[in-house]
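# Quick one, what's the 3D model for this:
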Amino acid sequence: MTPHNDWNDRLIRYVSGELNEAEAAGVERELQRSPELQKQLDHVKEIDRFLQLQSKPAHPSKSFTEKVMHGITLPVRNSALSPKTGLFLLLGVLVITTVAVLSLRNGLFDAMEFPISLNLQSMYPEKLSIPSFSLPFSGKWLVSLFLILNIAVGFILLDRTILKPYFQRRAEASH
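As a prediction, this is how the structure comes out:
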């Protein structure tokens, strides 16, 4: 008997009618000898039926062309943030940044220092000999990282919602 993948390919070709008469007769002989191969053929036929049902072509509605042509004539929407939404987001970033800075200054995260113990030996006790180690964790570093990312988002919002529209209006007014 040939490998499993070869039989998968051969059964798929058998179901789709791509085999010549001699190859098809050989497959049928093997199917009569092997109940396992018959089960595999049943699975291939089931998959083939499923794919046949899934691949029926969809017919567009009668007004499809009109809808597409109407959509082409619509004005393009600006995907940029509106100034109002951008200002609200920028205000939120400023509030969160202020809260984080005040929390850091007052020592709120000073007590969040502890080691993170990594013991990989417990996952593979019989196979590997891995020493355990620990990494220091500091809440101050975590909040500082969050603060830096928050400030970066604030600068992006400032650029997109205030500075860019301002300089675009100035450039248009000077022309």
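
# ok, now which ones touch the residue lying closest to Phe146 once chain neighbours are set aside?
In space, and not counting its chain neighbours, Phe146 is closest to Ala100: 6.6 Å by C-beta to C-beta, 6 or more residues apart in numbering. For the C-beta atoms, the positions are set from N, CA and C on the backbone; glycine is no exception. Contact analysis of Ala100 by C-beta atoms under 8 Å, 6 or more residues apart in numbering lists 143, 146-147, 150.

# List buried residues within the residues you listed.
Among the contacts of Ala100, those buried by neighbour count (16 or more other C-beta atoms under 10 Å) are 143, 147, 150.

# rewinding a little: so which helix or strand takes in the residue nearest to Phe146?
helix 83-105 (DSSP states H and E).

# Check the gap between the residue of the chain most remote from its centre and Leu102 for me.
Using C-alpha atoms, centre = their mean, the residue of the chain lying farthest from its centre is Ala22. It sits 47.5 Å away. For Ala22, the distance to Leu102 (C-beta to C-beta, to the nearest Å) stands at 84 Å.

# likewise Arg49?
Using C-beta to C-beta, Arg49 is found at 66 Å from Leu102.

# With that, I have no additional questions.
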